[in-house]
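Novice: A structural model of the following input is requested.
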Amino acid sequence: YKSFLIALGFILIYMIFYYMHAGVASNIALLINMFFIFGALSGLGGVLTLPGIAGIVLTIGMSVDANVLIYERIREEITQGKGLTLAIRDGYMQAYSSIIDANITTLLTGVVLFYFGSGPIKGFATTLIIGILTSLFCAIFVTRIIFESRINSKRKVTFSNFITNNAFKKLNIAFLSNRKRYYILSGLIIIIGIFSLFTKGLNQGVDFQGGRTYIVRFEKPVVTSELRNNLGEYFVAANNLKMYPEVKTFGSTNQVKITTNYLINDLEADELVEEQLNIGLSSFDNGSYKIMSSQLVGPTIADDIKSSAFWSILFSLFLIFMYILIRFKKWQYSLGAVIAVFHDVLILLSIFSLFYGVLPFSLEIDQAFIAAVLTVIGYSLNDTVVVFDRIREYMAVKVGEPIDVINKALNSTLSRTINTSLTTFFVLFVIFLFGGEMVRGFMFAIMIGVIVGTYSSLFIASPIMFDTSKTK
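Specialist: Here you go, the predicted structure:
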């Protein structure tokens, strides 16, 4: 919770720094949005789990993104010489299309996951749906009311300072000119990742392959993260991979439940696993402990949950393809968005396969990882649709070669893309650093997703849309 508050504090400070008075308005809207989300979850009797936290993190990112979209539009209108009242009105009008398209595509994903999913998938979908609806209300109406109030009372409203006023305005990056290099880079990473997936595989957690559970009582209260790290030094697989167990407080603070998938495929290894457990426990807390019970447990994520996750994601991507096709009237936009999502998920899986056992924290594939993948899909779609909306707008009114017009459109979205990605990434990074071992791999997955999702919307989705279109 402390890490979450630190991350939230950074967003509030950053928005004030970058957008001044408008940043204060967005912060008020964000805090009201958080109250709405927690109030709705409390009213529904929901329990806040890791998938739920993933949904909230994605909601915060989308809430900030909606405000950034509006503010950047207002700044553009002010640059054209419009008065403040007219600039605010036109800025909101211009931003509605991007905000609605981005949120509806993510909302479609949430609805499908809620309907077809179960367990962690449904929990993620519930938080996401609530968050999208409350974020839209707060970003569009709450901030507008604040601006109207300040203008009516003749108070000043600013959307930048002398540092941020001209930020990103003179950029002219040739995104499409180097698209083949980006195709090759992404292709190489995916090929290496697929090779690793077939040879090394993934580090499947207890949720997927079962494990052994022990109830252990100590004389003093236990810090679960310290015990987990200590036992990881003794549960070592044949390839020198540390198999960090899952350690949770069980009842009183001096009693824990330890679940490990160490040697789970060897059903005759009970004595060996317990021997290693005793060695690890003896080196912790002066060896004052007692094993109360032990048992062999099966996988907690059944095949039907894994199957429902796969088919619900596939069906949601089909719906998104059709929605983008209807809204943008070109199948090339739909194709670019869907390929970008597959690209992001493949790279995430590749990184988890390549680096498990290498990085100093757990990269297990469990139900939290499913929530992380869903978050990556939602973020990637949101980012891609916003970029596509600006490309569509430029293609309708700008004159010139399509490649130049699209490059200009992509450059014009950079301020919004960087601000949204930076604030979302920092929230994740703070929780990654201070949130404890239990959430570190989970946060790492979403951090990778934010980076790759931002990259794919600019360097994969847009170039694919361009290459598959007939240019005149």
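Novice: tell me the contacts of Met322?
Specialist: Going by CB atoms under 8 Å, 6 or more residues apart in numbering, Met322 touches Ser334. Using the backbone N, CA and C atoms, a C-beta is placed for each residue, glycine as well.
Novice: got the CA positions of the helix or strand harbouring Ile11 in PDB?
Specialist: Assigning secondary structure by DSSP states H and E places Ile11 in helix 2-19. Taking C-alpha atoms only, helix 2-19 is exported to PDB below (Å, rounded to 0.1, in the frame of the first residue of the first chain):
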ATOM      1  CA  LYS A   2       2.900   2.400   0.800                       C
ATOM      2  CA  SER A   3       4.400   1.700  -2.700                       C
ATOM      3  CA  PHE A   4       1.000   2.400  -4.300                       C
ATOM      4  CA  LEU A   5       0.700   5.700  -2.400                       C
ATOM      5  CA  ILE A   6       4.200   6.700  -3.400                       C
ATOM      6  CA  ALA A   7       3.400   6.000  -7.100                       C
ATOM      7  CA  LEU A   8       0.100   7.900  -6.900                       C
ATOM      8  CA  GLY A   9       1.900  10.800  -5.300                       C
ATOM      9  CA  PHE A  10       4.300  10.900  -8.200                       C
ATOM     10  CA  ILE A  11       1.500  11.100 -10.700                       C
ATOM     11  CA  LEU A  12      -0.200  14.000  -8.800                       C
ATOM     12  CA  ILE A  13       3.000  16.000  -8.600                       C
ATOM     13  CA  TYR A  14       4.000  15.300 -12.300                       C
ATOM     14  CA  MET A  15       0.600  16.300 -13.600                       C
ATOM     15  CA  ILE A  16       0.800  19.600 -11.700                       C
ATOM     16  CA  PHE A  17       4.300  20.200 -12.900                       C
ATOM     17  CA  TYR A  18       3.500  19.500 -16.600                       C
ATOM     18  CA  TYR A  19       0.000  21.000 -16.900                       C
END
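Novice: would you mind listing the buried residues in the helix or strand just after that helix?
Specialist: Once helix 2-19 ends, the next helix or strand along the chain (criterion: DSSP H and E) is helix 21-43. By neighbour count on 16 or more other CB atoms under 10 Å, the buried set for helix 21-43 is 21-30, 33-34, 36-37, 40-41.
Novice: over to stretch 67-84?
Specialist: 67-78, 82, 84.
Novice: what's the answer for stretch 56-63, then?
Specialist: Quick answer for stretch 56-63 (16+ other CB under 10 Å): 56-63.
Novice: so where's the stretch 251-400 of the chain shaky on pLDDT?
Specialist: By pLDDT under 70, the low-scoring segments of the stretch 251-400 of the chain are 267, 285-287, 298-305.
Novice: one more time with 90, if that's ok
Specialist: 251-330, 356-386, 390, 392-400 (pLDDT under 90).
Novice: quick one, strands of it?
Specialist: Ranges of strands in the stretch 251-400 of the chain, per DSSP state E, counting those that start in this stretch, are 255-260, 289-297.
Novice: which one of the ones you listed is the most hemmed in?
Specialist: Stretch with highest mean neighbour count among the strands of the stretch 251-400 of the chain: strand 255-260 (a mean of 20; mean count of other CB atoms under 10 Å).
Novice: for that one, what is the distance to the chain centroid?
Specialist: Relative to its chain's centre, strand 255-260 lies at 29 Å (CA atoms, centre = their mean, to the nearest Å).
Novice: that older thread, from the buried residues of stretch 67-84, which land in helices?
Specialist: 67-78, 84 (DSSP state H).
Novice: list just the nearest of those to Ile464.
Specialist: The closest of these to Ile464 turns out to be Leu69 (CB to CB; 23.3 Å).
Novice: residue contacts, that closest one?
Specialist: Contacts of Leu69 (CB under 8 Å, 6+ apart): 95, 98-99, 386, 416.
Novice: now these as JSON lines including distance to Gly210?
Specialist: Converted to JSON lines, those look like this (distance: CB to CB, whole Å):
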{"residue": "Ala95", "distance to Gly210": "49"}
{"residue": "Ser98", "distance to Gly210": "46"}
{"residue": "Ile99", "distance to Gly210": "44"}
{"residue": "Val386", "distance to Gly210": "42"}
{"residue": "Arg416", "distance to Gly210": "45"}
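Novice: mind listing residues that contact stretch 459-469?
Specialist: By CB under 8 Å, 6+ apart, the surrounding residues in contact with stretch 459-469 are 175-176, 179, 182-183, 186, 330, 332-333, 335-337, 339-340, 343, 384, 387-388, 391, 402-403, 406, 410.
Novice: if we use 6 Å, what do you get?
Specialist: Residues outside stretch 459-469 that contact it (CB atoms under 6 Å, 6 or more residues apart in numbering): 176, 179, 182, 332-333, 336-337, 339-340, 343, 384, 406.
Novice: straight-line length of it, end to end?
Specialist: Across stretch 459-469, the terminal residues are separated by 16 Å (CA to CA, to the nearest Å).
Novice: buried sites along it?
Specialist: Using 16+ other CB under 10 Å as the test for burial, stretch 459-469 gives 459-466, 469.
Novice: next, count neighbours for the residue lying closest to Phe434 once chain neighbours are set aside.
Specialist: Spatial nearest neighbour of Phe434, excluding adjacent residues (CB to CB, 6 or more residues apart in numbering): Ser3 at 3.8 Å. Each residue near Ser3 was counted by other CB atoms under 10 Å, and the total is 18.
Novice: circling back: what is the helix holding Ile11 packed up against?
Specialist: helix 21-43, helix 414-434 (3 or more CB pairs under 6 Å, 6 or more residues apart in numbering; DSSP states H and E).
Novice: compute the inter-axis angle for the helix or strand that the shortest one is followed by and helix 2-19.
Specialist: Tracing the chain C-terminally past helix 414-434 and defining elements by DSSP H and E, one meets helix 437-456 next. Put simply, helix 437-456 runs at 30 degrees to helix 2-19, going by axes from the mean of the first three to the mean of the last three CA atoms, to 10 degrees.
Novice: gap between the following helix or strand past helix 437-456 and the chain center?
Specialist: The helix or strand immediately downstream of helix 437-456 is helix 462-467, counting by DSSP H and E. With CA atoms, centre = their mean as the basis, helix 462-467 stands 24 Å off its chain's centre.
Novice: and for stretch 84-97?
Specialist: Here stretch 84-97 is found 29 Å from its chain centre; the criterion is CA atoms, centre = their mean.
Novice: buried stuff in that stretch?
Specialist: 84, 87-92, 94-95, 97.
Novice: if we can go back for a sec, for the ones in helices among the buried residues of stretch 67-84, which one is nearest Ile163?
Specialist: Nearest to Ile163 among those, counting by CB to CB, is Arg75 at 13.7 Å.
Novice: can you give me phi and psi for the closest residue to the closest one other than its chain neighbours?
Specialist: Sequence neighbours aside, Phe159 is the residue nearest to Arg75 in space, at 5.2 Å (criterion: CB to CB, 6+ apart). Here is the backbone geometry of Phe159 (degrees, to the nearest 10): phi -120, psi 10.
Novice: again, but for Val247
Specialist: Torsion angles, degrees, to the nearest 10, at Val247: phi -120, psi 120.
Novice: how many other residues sit next to it?
Specialist: When neighbours are counted by other CB under 10 Å, Val247 registers 26.
Novice: residues touching it, list them.
Specialist: By CB under 6 Å, 6+ apart, Val247 lies in contact with 224, 227-228, 256, 258.
Novice: distance to Leu108 for these - can I get that in CSV?
Specialist: Listed next are the contacts of Val247 as CSV, based on distance: CB to CB, whole Å:
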residue, distance to Leu108
Thr224, 38
Leu227, 43
Arg228, 38
Val256, 41
Ile258, 41
